[in-house]
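Colleague: show me how the following folds:
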Amino acid sequence: MGTEISLDIGGLSVDWSKNTRGADHGVLFQEDDRKRLRSEQIDYDYFADSGEDPGPMEMALARRLKHVVPRLELVGFTLDAAKAEYLVVAQSWLEERHDLGDDAEPPDVMSFEEFCAFATAHPIQTLDDTFASSVDSAAKDRLRGRFSDESVVRRLPSSSIYEWSAYSERSYFGSLIGILHPYSLLRVLAGNAENLETEVVWNYGPLVEAGWASESEFINPGARRMQTFLVATEGSSDTHVLKHAFAMLRPKIADLFRFIDVSERHPFPGTGNLLKFAAGLAKIDVHNQLIFLFDNDAEGFDAYQRLSALSLPRNMRAMILPELEQFRAFPARGPEGLRAADINRRAAAIECYLDLLLEGYPTANVLWTNYKHELDTYQGALEYKDAYTKAFLKLTPEILAAGGYDVSKIRAVLDAIVAQCTAIAVDVARANG
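Modeller: Modelled structure (predicted):
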């Protein structure tokens, strides 16, 4: 009969394969998601009688859907992308029915919003999974369960109330909504709050123990190289800060982001060198997904505008550190003394996004350093910026949990980077079909 491997959520399979690994779902997980889980493919009576440990067969990768969603979006499976996919499926279904002459009038197919409401009306784990072996009308009623309204079911693309491969209410539900890519379906199911707390499981133990796959195929979960994003920054401190920020604040997606090696020195330090590097890469066929991140200061904004004027390929984006309201009236020291000034696009480098209440140092302020004639504005820099960086790099999970450090501004930076990377992933996924 062979052995199956499936990607499940709450006991509902959204993807499966038999006698082979099938699709690589490693990107949805990280190493700390590896655990033992009971499997319906295991004969526990045999293990109890023989005294053997079923552990190897129970091995799986599992994490709650709420922690899978950010990873889904970073490989291009956003809710908007799911909608685009659904509309294509629905249109193809309508055209197929028309070509076959099934309907004199085109069916009233569900809108995407209606489909989402249907798919998330009931938490998956509340659906009955009791096996029904009979195919009589009573069994069919049990199978339909809460989805017995044929007037609703008929509006689902690709649905057919005459096909009965389901064996329970839950599996019937799965056959009704399983018209999208498994990752799109997971993203839709995330619209139910209870589903968010449900585990997404890739149980590989039975397949490996049966000899249909090697354990090495599951040894390194996480983002594959072409699924990661290379973030190129102006300086070494930017790289160190961002790597630490992702580790502390976004550990569930940190492996999706890579940074240029600055262990010895930055290979192209400064705004001008980063601009030249970006412009050069834009002219060659680089497949890596890249973000060129400039400071939110005068030089960075100028470089960002110049790079944005180029025709960047879909796998590249230019961005500056986000403008923040906290920077609209920031202490700035110039020829006229210390005054509040808007430092957005003028003096907000990465250090400004850290906690600026540092013991032993005066109130944070920027110093206007020089006037940029070509930009008709002043360039500034945060005083004691290295001290703020060193303090941030000492941030630990314990300090963070105790609320002893303000991470609101650096969170905004990470949010902006994730948004740009998600946009890249969607574009790349769309281009790859």
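
Colleague: report all helices and strands that the lengthiest helix in the chain contacts.
Modeller: Using DSSP state H, we find that the single longest helix of the chain is helix 408-431. For helix 408-431, the elements it packs on are helix 65-74, helix 79-100, strand 229-232, helix 236-249, strand 289-294, strand 316-320, judged by 3 or more C-beta pairs under 8 Å, 6 or more residues apart in numbering; DSSP states H and E. Any C-beta I mention is one placed from the backbone N, CA and C, and that applies to glycine too.

Colleague: in the stretch 201-350 of the chain, which spans are strands?
Modeller: If DSSP state E, counting those that start in this stretch is used as the criterion, the strands of the stretch 201-350 of the chain fall at 229-232, 257-259, 289-294, 296-297, 316-320, 330-334, 337-341, 347-348.

Colleague: how far does the fourth one sit from its chain's centre?
Modeller: Once both centres are worked out by C-alpha atoms, centre = their mean, to the nearest Å, strand 296-297 turns out to sit 27 Å from its chain's centre.

Colleague: avg pLDDT for it?
Modeller: When the per-residue pLDDT values of strand 296-297 are averaged, the result is 96.

Colleague: just to revisit the earlier point, columns mean neighbour count and distance to Leu72 on top of the strands of the stretch 201-350 of the chain, output as CSV?
Modeller: Formatted as CSV, the strands of the stretch 201-350 of the chain follow (neighbours: other C-beta atoms under 10 Å; distance: least, C-beta to C-beta, whole Å):
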stretch, mean neighbour count, distance to Leu72
strand 229-232, 22, 15
strand 257-259, 19, 16
strand 289-294, 25, 16
strand 296-297, 28, 29
strand 316-320, 22, 19
strand 330-334, 18, 37
strand 337-341, 13, 41
strand 347-348, 28, 32
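
Colleague: just checking, what packs against the worst-scoring helix or strand of the chain on mean pLDDT?
Modeller: Here the helix or strand of the chain ranked lowest by mean pLDDT, DSSP states H and E is helix 137-144, holding a mean of 76. If contacts are counted by 3+ C-beta pairs under 8 Å, 6+ apart, helix 137-144 sits against helix 169-177.

Colleague: centre of the chain versus the helix it packs on, how much separation?
Modeller: 26 Å.

Colleague: what's the angle from it to helix 137-144?
Modeller: Relative orientation of helix 169-177 and helix 137-144, computed by axes from the mean of the first three to the mean of the last three C-alpha atoms, to 10 degrees: 70 degrees.

Colleague: packing partners of helix 169-177?
Modeller: Secondary-structure packing of helix 169-177 (3+ C-beta pairs under 8 Å, 6+ apart): strand 12-18, helix 112-119, helix 137-144.

Colleague: picking that back up, indicate which one of the strands of the stretch 201-350 of the chain is closest to His181.
Modeller: Comparing the strands of the stretch 201-350 of the chain by their distance to His181 (C-beta to C-beta), the top pick is strand 289-294, with 19.4 Å.
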